[in-house]
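K.L.:
Model the structure of this input:
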Amino acid sequence: MKDKDKPVLAVKDLSVSFTMYDGGMRRREREMVHQLSLTVNAGEIVAVAGSSGSGKSLLAHAILGILPKNANMTGTLEFCGRRLDEKALKQLRGKEISFIPQSVKYLDPLMKVGRQVMGPCRRRERRSRQAKMKQAFARYQLEESVAKLYPYQLSGGMARRVLISGAVMNQAKLIVADEPTPGLQETLARETMKNFRELAEEGCGVLLITHDIDLALKMADRIAVFYEGDILETVPAEAFAGDGEALGHPYSRAFVKALPQNEFCAPESFGSRV
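P.N.:
So this is what the prediction gives:
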């Protein structure tokens, strides 16, 4: 099997529920992700596309091991064939696995941007890390002076580009990008997707979580259609061509009709899998 055909990430039967209390202080479990399975191979972009609020970010947080304390997770996660448990995640997160979060609140408000993008490094590594940061800033149209700013001094678009810059600093084997393009100008959003494509061509696996399926279709290899905590189907991006007749689920076909260049029809409620 060639490297580009090997799963960098394998998600098997993942379920995520939350321990909650109702008005009578009765404890109950609410499941938000339902036995979800997904793979991302080296050298490909897999887009998880679905409407806002459907639970897509929970998938990213489960992979990174950053679910809240009241979350309960079952199923297995593997990275390059290695079980992704808490110990492994501590070793891999921020190094071989990079995360681009949806919220710019992930930036430390008390630390200058440059230190956050560079990450912890030894003194002898500082010069090379600064050079990498300079390249990342140039790629995402950020002035070098941005490194000396605090997050509150950044615009929303600048903060998002800073988050992306931090994620591409290391030679990660997997990038999990949770809605990386909102707030970016269209040209920069497309350039960001192009950069993801370049990273994939270098052998990185990219899991792109987005509701912008039109943008994802231009760069993704496969599309996983997400609906109410479940993946309805995973298909090659070409399956969305035309009227979506190659798609197996009515919700997926409704997504095609909802594209700006088509009928702009909002997907209806389809319940669970057909």
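
K.L.:
okay, CA-based contacts and neighbour counts for the rest of this
P.N.:
Fine.

K.L.:
Restricting to C-alpha, output stretch 213-229 in PDB.
P.N.:
Output for stretch 213-229, consisting of C-alpha atoms alone and laid out as PDB, is shown next (Å, rounded to 0.1, in the frame of the first residue of the first chain):
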ATOM      1  CA  ILE A 213     -19.500  23.100   0.600                       C
ATOM      2  CA  ASP A 214     -19.100  25.200  -2.500                       C
ATOM      3  CA  LEU A 215     -15.600  26.200  -1.400                       C
ATOM      4  CA  ALA A 216     -14.800  22.600  -0.200                       C
ATOM      5  CA  LEU A 217     -15.700  21.100  -3.500                       C
ATOM      6  CA  LYS A 218     -13.000  23.100  -5.200                       C
ATOM      7  CA  MET A 219     -10.200  21.500  -3.200                       C
ATOM      8  CA  ALA A 220     -11.400  18.400  -1.300                       C
ATOM      9  CA  ASP A 221     -10.900  14.900  -2.500                       C
ATOM     10  CA  ARG A 222     -13.800  13.400  -0.600                       C
ATOM     11  CA  ILE A 223     -16.900  14.900   1.000                       C
ATOM     12  CA  ALA A 224     -18.500  13.500   4.100                       C
ATOM     13  CA  VAL A 225     -22.000  14.700   4.400                       C
ATOM     14  CA  PHE A 226     -22.800  15.400   8.100                       C
ATOM     15  CA  TYR A 227     -26.300  15.700   9.500                       C
ATOM     16  CA  GLU A 228     -27.400  15.800  13.200                       C
ATOM     17  CA  GLY A 229     -24.300  14.100  14.600                       C
END
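
K.L.:
Which residues outside it are in contact with it?
P.N.:
Residues from elsewhere that reach stretch 213-229 (CA atoms under 8 Å, 6 or more residues apart in numbering): 32-34, 36, 44-51, 54-56, 190, 193-194, 197, 208, 210, 231-237, 240, 252, 259.

K.L.:
Would you confirm that Ala10 belongs to a strand?
P.N.:
Yes - going by DSSP: H, G, I helix; E, B strand; the rest coil, the assignment for Ala10 places it inside a strand.

K.L.:
mind listing what it touches?
P.N.:
So, once contact is read as CA under 8 Å, 6+ apart, Ala10 ends up touching 37-40, 77-79, 81.

K.L.:
change it to 6 Å
P.N.:
Contacts of Ala10 were listed using CA atoms under 6 Å, 6 or more residues apart in numbering, and they are 38-39, 77-78.

K.L.:
Please spell out which residues along the lengthiest helix in the chain are buried.
P.N.:
When the chain is parsed with DSSP state H, its longest helix is helix 186-201. By neighbour count, and taking 16 or more other CA atoms under 10 Å as the criterion, the buried residues in helix 186-201 are 188-190, 192-193, 195-197, 199-200.
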